[in-house]
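K.L.:
just need the structure, nothing else, for what follows:
(one chain, ligands or ions: 3)
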Amino acid sequence: MEQALRGQASPAPAVRMLPTYVGSTPHGTEQGDFVVLELGATGASLRVLWVTLTGIEGHRVEPRSQEFVIPQAVMLGAGQQLFDFAAHCLSEFLDAQPMSKQGLQLGFSFSFPCHQTGLDRSTLISWTKGFRCSGVEGQDVVQLLRDAIQRHGAYNIDVVAVVNDTVGTMMGCELGARPCEVGLVVDTGTNACYMEEARHVAVLDEDRGRVCVSVEWGSFSDAGALGPVLTTFDHTLDHESLNPGAQRFEKMIGGLYLGELVRLVLAHLARRGVLFGGGTSPALLSRGSILLEHVAEMEDPSAGAARVHAILQDLGLSPGASDVELVQHVCAAVCTRAAQLCAAALAAVLSRLQHGREQQTLQVAVATGGRVCERHPRFCSILQGTVMLLAPECDVSFIPSVDGGGRGVAMVTAVAARLAAHRRLLEETLAPFRLNHDQLAAVQAQMRKAMVKGLRGEASSLRMLPTFVRATPDGSERGDFLALDLGGTNFRVLLVRVTTGVQITSQIYSIPESVAQGSGKQLFDHIVDCIMDFQQKQGLSGQSLPLGFTFSFPCRQLGLDQGILLNWTKGFNASDCEGQDVVNLLREAITRRQAVELNVVAIVNDTVGTMMSCGYEDPRCEIGLIVGTGTNACYMEELRNVAGVPGDSGRMCINMEWGAFGDDGSLAMLSTCFDASVDQASINPGKQRFEKMISGMYLGEIVRHILLHLTSLGVLFRGQQTQRLQTRDIFKTKFLSEIESDSLALRQVRAILEDLGLPLTSDDALMVLEVCQAVSQRAAQLCGAGVAAVVEKIRENRGLEKLAVSVGVDGTLYKLHPHFSSLVAATVQELAPRCVVTFLQSEDGSGKGAALVTAVACRLAQLTRV
Ligand code: BG6
Ligand code: GLC
Ligand code: GLC
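P.N.:
Ligands and ions are numbered 1, 2, ... in the order given. A predicted model of the protein is given here:
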């Protein structure tokens, strides 16, 4: 088993371990009417069932069913004939049912070894158990059934799922106190399935959740293990079978073979003169004359000698009194061995389950099914006794399947139908988030147009604000500087010492929401209090160091040290600040607090601070990008393109304020109803529409709105709305980043969501993950389209065939999300193939950049003085 799970190719493992696509045991809420078609479990018969699942635990409706005998010629004929026969039986059965036959959903129980590639895709590996139809091995049996149903034309039936009989047996098990995670069938053939940890199944390449694996132990044929127990009778039986050399283990256990084994032993003993006075009969000497039913009856101690006598007489034998007892003995020996071998295999499965779960003791329920289990008096008790002996650390309860697994197949079908419907709804919901190349190229083109208009001072959603930063540091700057950094996750005060390198001491202060959304006075008083506290702690009280102020909001600058706040963004809304010079607001607060005058030299956007900070290391860094609470970019533009700033030569850094891109309606085509809900509920509806599709402050909210929608459709959380999910902002960016981390198993995703107070199943967790992926992927791609527009503009500005440029980046989303940065880079490469773009992550925040801008300004001022 372990070799096969690991995917070992050579030598070929002795069992197949075929993964099914059943990933969870039933909830008990499955409901609906299902048609089940069973082929291959019980000898030459085919069964059709109508199963009604009520969705209520303990409330069962008896299935209707009909059995059809498959003619021998069909079992050994052309495959098409077999499937046509099945389609014919189906419609004969349905004709007789009084119920409506609209929208029929069928579960196909097909009990042969198959490679499954989906809940409704399954390729037959090889026939077993007396079937040998041509043209079926290597084919998808679901498709063959669909084709036959269509050829027949009587009913429109959707074949939703295909399962092995062991899986049907396991899934149909009544929900008890302990989970039923093993299905055992001993019918014509024998096999078992169990729930394995997906990460142990090499072929699946899936580290999340569990999957039901069909062991296909019938083909177990390890020479070392089986050699000592194989008898001459086993060899003869194998030799004369339809599939010599195959299914050796099954041939010692399966109901198709037990009668034949007894016959071979009896014939041998008769020939040796031990039985029947040395006499045989033509029946005793012909294959298949003793059936499982005969063995079961003869072995039954309550049957009495007369019944054994009668059966032997029917075989043309004349048994004496001692013969009856001996024959009973032979039957018991053959069946005991079968039950014991089966128990040994089951014990192996149980210990595998225990090891896989890394548990000391295992409590588990095993669902049992098949005629041998059901009708053979001693089989089950020997099986159970032997399992206890071989796997004493497992506490096993055996639960007989109620209706031959039909209910379980219906369960799987119900789950499959539900999953398929849910998947369709999920896909429909997420489709608008999946942007193709053309859509992204259109965003790039629109951004480019808006840039040009903004630069010219024409109406545009991009303000393209001049920053008065004209040069990056040259390394000759020196001195001590204070810096403030307001507008991201943290408010910081910093002391920056620029010598041959840069040394930073900083402290984080919190800005309570009540202050961010209170009065402007309160906000700036608070800022001054923090500065005073910092100065005191650093022994700087009384000094007036040059100060650079990173202020991460849109400002119209008239010079380096003047910035008029145009409007608040990102959850700030302090009154009486918009339209004011932020440096003045700060100075007024200093006066109010009677603090020592500050020498504010520069006010700097965080994008600019980031560009400058990275520019100190890499002179090619001419773009600053932020993807954090908000999003924005700045870059070095040719002064001749900037209206409103005197001068035509040289460059100036432009703060694009691209968060507002689309506020003129130009992004309407891409905006979903979830974006609209997030926008409406924000404190600045209609504003920052691009930012609201990209940045950390909003992605969690978009996800939450999608989850609410999927819950209302019944796709998630079993359709139950929770108070928790109605709570704004429960989904932080950090959760998105955690959930999407590749190293996380699905159960960890579940744990994160459970910590948030959302109780959910693995299926739910997988969907939440897909929602997060779709939302963050769109964000990264839109951001990439923006960067592509910027780099292409710079390239064309300079008339270059190729441009090599670096982008300094900061922001929690960009830095913490596992895939965001690579998706941005990939999108830029796709949309701006003529630019070679290097992304540099800023390590020191924008405060350092603000200090550097200040340092450059001081250096230049000194020069002018000189
Ligand atoms: C850093 C700055 O550069 O990144 C912040 O120092 C800035 O002030 C931030 O706004 C953006 O990141 P976030 O995730 O904190 O908004
Ligand atoms: C055979 C089949 C297997 C089935 C078992 C019991 O071994 O190969 O798929 O589960 O019989 O019916
Ligand atoms: C918001 C601000 C902008 C800032 C960005 C990133 O969009 O308006 O100035 O650069 O957030 O913090």
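K.L.:
wait, residue 336 sits on residue 381?
P.N.:
No. At 10.6 Å, residue 336 does not count as touching residue 381 under the criterion of C-beta atoms under 8 Å. For the C-beta atoms, the positions are set from N, CA and C on the backbone; glycine is no exception.
K.L.:
what's the pLDDT at whichever residue of the stretch 201-350 of the chain sits closest to ligand 2?
P.N.:
As assessed by C-beta to the nearest ligand atom, ligand 2 sits closest to residue 218 within the stretch 201-350 of the chain, at 3.2 Å. Residue 218 carries a pLDDT value of 96.
K.L.:
for it, what are its contacts?
P.N.:
Residues in contact with residue 218 (C-beta atoms under 8 Å, 6 or more residues apart in numbering) are 113, 128, 189, 190, 191, 247, 249, 250, 253, 254.
K.L.:
now residue 598
P.N.:
By C-beta under 8 Å, 6+ apart, the contact set of residue 598 is 482, 531, 544, 547, 586, 587, 590.
K.L.:
for the third one, which non-adjacent residue is closest in space?
P.N.:
In other words, residue 544. For residue 544, ignoring the flanking residues on the chain, the nearest one in space by C-beta to C-beta, 6 or more residues apart in numbering is residue 599 at 5.0 Å.
K.L.:
before we move on, what about the second one?
P.N.:
With C-beta to C-beta, 6+ apart as the criterion, residue 531 has its nearest non-adjacent residue at 5.6 Å, and that residue is residue 493.
K.L.:
show me where pLDDT drops low in the stretch 751-866 of the chain?
P.N.:
Where the stretch 751-866 of the chain drops to pLDDT under 70, the residues are 864-866.
K.L.:
how about the residues of it near ligand 1?
P.N.:
Contacts of the stretch 751-866 of the chain with ligand 1, taken as C-beta under 6 Å from any ligand atom, map to 810, 811, 812, 842, 845, 846, 847.
K.L.:
just these: which are in helices?
P.N.:
Judged by DSSP state H, the subset of those located in helices is 812, 845, 846, 847.
K.L.:
tell me how far the closest residue to ligand 3 within the stretch 1-150 of the chain lies from ligand 2.
P.N.:
Taking C-beta to the nearest ligand atom as the measure, the stretch 1-150 of the chain has residue 23 as its residue closest to ligand 3, at 41.6 Å. To ligand 2, residue 23 is 19 Å away according to C-beta to the nearest ligand atom, to the nearest Å.
K.L.:
ok, residue 709 - contacts?
P.N.:
Taking C-beta under 8 Å, 6+ apart as the definition of contact, the neighbours of residue 709 are 429, 674.
K.L.:
surely the residue of the stretch 1-150 of the chain closest to ligand 3 touches residue 210?
P.N.:
Yes. Shown here, residue 23 and residue 210 form a contact pair, counting by C-beta under 8 Å, at 6.3 Å.
K.L.:
any common contacting residues for these two?
P.N.:
Both residue 23 and residue 210 are in contact with 198, 762, where contact means C-beta under 8 Å, 6+ apart.
K.L.:
can you name the residue of the stretch 551-700 of the chain nearest ligand 1?
P.N.:
residue 628 (2.1 Å).
K.L.:
same check on the stretch 401-550 of the chain?
P.N.:
With C-beta to the nearest ligand atom as the measure, residue 488 is the residue of the stretch 401-550 of the chain nearest to ligand 1, at 2.6 Å.
K.L.:
compute the first-to-last residue distance for stretch 365-384.
P.N.:
Its first and final residues considered, stretch 365-384 spans 12 Å by C-alpha to C-alpha, to the nearest Å.
K.L.:
in that stretch, what's buried?
P.N.:
Residues of stretch 365-384 classed as buried: 365-373, 376, 378-380, 382-384 (neighbour count, 16 or more other C-beta atoms under 10 Å).
K.L.:
same deal with stretch 692-705?
P.N.:
So stretch 692-705, judged by 16+ other C-beta under 10 Å, has buried residues 692-705.
K.L.:
also stretch 473-484?
P.N.:
By neighbour count, and taking 16+ other C-beta under 10 Å as the criterion, the buried residues in stretch 473-484 are 473, 477, 479, 480, 481, 482, 483, 484.
K.L.:
so among these, where is pLDDT lowest?
P.N.:
In this model, the minimum pLDDT among the buried residues of stretch 473-484 belongs to residue 473 (77).
K.L.:
span of stretch 89-100 from start to end?
P.N.:
Stretch 89-100 has its terminal residues 18 Å apart, counting by C-alpha to C-alpha.
K.L.:
swap that for stretch 647-657, please
P.N.:
23 Å.
K.L.:
now do it, average pLDDT.
P.N.:
When pLDDT is averaged over stretch 647-657, the result is 94.
K.L.:
just the closest residue of the chain to ligand 2, please.
P.N.:
Nearest to ligand 2 in the chain, going by C-beta to the nearest ligand atom, is residue 189, at a distance of 2.6 Å.
K.L.:
next, count neighbours for that residue.
P.N.:
By the other C-beta atoms under 10 Å criterion, the neighbourhood of residue 189 contains 32 residues.
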